[in-house]
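S.K.: Quick one: sequence plus predicted model below, questions after.
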Amino acid sequence: MIRLEQISKSFGKIQALSKLSVTFPKSRITIIAGADGSGKSTILRIMLGLVKADSGKIFLKEDLIRNDFSKITGISGYMPERFSLYTDLTVEENLNFFADINNVPFQRKERLKNILLEKTGMIKFRNRKAGDLSGGMKQKLSLSTILLSSPEIVILDEPTTGVDPLSRIEFFRIIESLKNEGKTIIISTPYLDEAESGDFIIFLKNGKILKRGDINDLKDNVPFKLIRLIPENNIFDVMNDLKKRGDVHKNFFIKGKYLNFIGDPESSILKGIRGSEVSEEKPGLEDIYMYYERKGIFENSDGSI
């Protein structure tokens, strides 16, 4: 639906994006995942015309976007990382305000407002001031305000930062329902656990794509084996010992109480670690990201490695 070709952007000496090409498929949830500074927000802002790319092209439904980004913004709802609600207004007053500035007709506004309050579970909070809402409810209200214009494309920049785990789950249930309505969803996030809720993922690092693809396909066709173990010794001491053995430690990473190893389960490296539990596990998105990030494997713009 939206396609970016060879997009580059620098801020001074910082290369935010480097010849990045990507397509965001229609009626699917696309996750842009990566650490802070990887270029996630820059992609979204360039796509909406909020930041001008140094080079490259943007297409909407195969039409080249030149200077008129209203073709995209007119059918999109954008929720930036720090979306501002009016804290001294109630939930309903915020919805009324954003509906009015988007010229939503009165009868449509009233109908959509009630639908959104019910969808987000916020009907009983409609008279509560936005400043008195929890972090999760503020994000649901923010999402509701951009949905009042009935956008085809919903663009969310790190929407669950600072939100408690239960509210994050509830938020993504709402996102799933929006996809089922046919909306195209684009979400940037540093949280790979919630990225599991998407359909398609783009792993970013330093403005380049490490790996992209259908999430189920990526998980079913990983090019490595994941070994999980709990060492008898302190897990951090074990990791420090591994770092003394050259680049060996790059195949290990700590995940909670586990020490994960990416590689051959028969490796002699493992035999040198006294472990109380050793098992082979199916890799998740975090493990897949770590593999490509640690190996420094980047995709070419055509998706090849």
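M.R.: Arrived safely.
S.K.: Name the residues that touch the longest helix seen in the chain?
M.R.: In terms of residue count, the longest helix belonging to the chain (DSSP state H) is helix 165-180. For helix 165-180, contacts defined as CB atoms under 8 Å, 6 or more residues apart in numbering pick out 27-29, 119-121, 134-137, 139-140, 143, 147, 154, 156, 159-160, 163, 185, 187, 191, 194, 197, 199. No exception for glycine: its C-beta is placed from N, CA and C like everyone else's.
S.K.: Show me what counts as buried in that helix.
M.R.: For helix 165-180, a neighbour-count test (16 or more other CB atoms under 10 Å) marks Ser167, Arg168, Glu170, Phe171, Phe172, Ile174, Ile175, Leu178, Lys179 as buried.
S.K.: Most widely separated two among those residues?
M.R.: Spatially, the most separated pair among the buried residues of helix 165-180 is Ser167 and Lys179, at 19.0 Å (CB to CB).
S.K.: per-residue confidence averaged over the helix or strand encompassing Val154?
M.R.: Using DSSP states H and E, Val154 falls within strand 153-157. Here strand 153-157 scores 95 as its mean pLDDT.
S.K.: Mind listing the strands it pairs with, and their directions?
M.R.: Next to strand 153-157 in the sheet, as set by DSSP bridges, lie strand 76-79 (parallel), strand 184-189 (parallel).
S.K.: Generate JSON lines for those, with mean neighbour count as supplementary columns.
M.R.: Shown next, in JSON lines, are the strands paired with strand 153-157 (neighbours: other CB atoms under 10 Å):
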{"stretch": "strand 76-79", "mean neighbour count": "21"}
{"stretch": "strand 184-189", "mean neighbour count": "24"}
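S.K.: I'd like the ones you listed laid out as TSV, including mean pLDDT and distance to Leu112.
M.R.: What follows is the strands paired with strand 153-157, written out as TSV (pLDDT from 0 to 100; distance: least, CB to CB, whole Å):
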stretch	mean pLDDT	distance to Leu112
strand 76-79	93	12
strand 184-189	95	18
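S.K.: mean confidence for stretch 284-298?
M.R.: On average, stretch 284-298 scores 87.
S.K.: Distance-wise, check Ser18 relative to Ile175.
M.R.: 29 Å (CB to CB, to the nearest Å).
S.K.: Also Ile155?
M.R.: 12 Å.
S.K.: Ok, Thr160 next?
M.R.: 10 Å.
S.K.: can you check His249 too?
M.R.: 37 Å.
S.K.: With just CA atoms, put stretch 253-273 into PDB.
M.R.: Taking Å, rounded to 0.1, in the frame of the first residue of the first chain, the C-alpha atoms of stretch 253-273 are listed here in PDB:
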ATOM      1  CA  PHE A 253      23.000 -13.700  25.400                       C
ATOM      2  CA  ILE A 254      21.300 -13.500  28.700                       C
ATOM      3  CA  LYS A 255      17.500 -13.700  28.800                       C
ATOM      4  CA  GLY A 256      16.100 -13.600  32.300                       C
ATOM      5  CA  LYS A 257      17.500 -16.500  34.200                       C
ATOM      6  CA  TYR A 258      18.600 -18.300  31.000                       C
ATOM      7  CA  LEU A 259      21.800 -18.200  29.000                       C
ATOM      8  CA  ASN A 260      20.900 -18.600  25.400                       C
ATOM      9  CA  PHE A 261      23.300 -20.000  22.800                       C
ATOM     10  CA  ILE A 262      22.900 -19.600  19.100                       C
ATOM     11  CA  GLY A 263      24.700 -22.400  17.300                       C
ATOM     12  CA  ASP A 264      25.400 -26.100  17.200                       C
ATOM     13  CA  PRO A 265      24.000 -28.000  20.200                       C
ATOM     14  CA  GLU A 266      27.100 -30.300  20.000                       C
ATOM     15  CA  SER A 267      29.500 -27.400  20.200                       C
ATOM     16  CA  SER A 268      32.500 -27.900  22.400                       C
ATOM     17  CA  ILE A 269      31.900 -24.400  23.800                       C
ATOM     18  CA  LEU A 270      28.800 -25.700  25.600                       C
ATOM     19  CA  LYS A 271      30.700 -28.600  27.100                       C
ATOM     20  CA  GLY A 272      32.900 -26.100  28.900                       C
ATOM     21  CA  ILE A 273      29.900 -24.600  30.800                       C
END
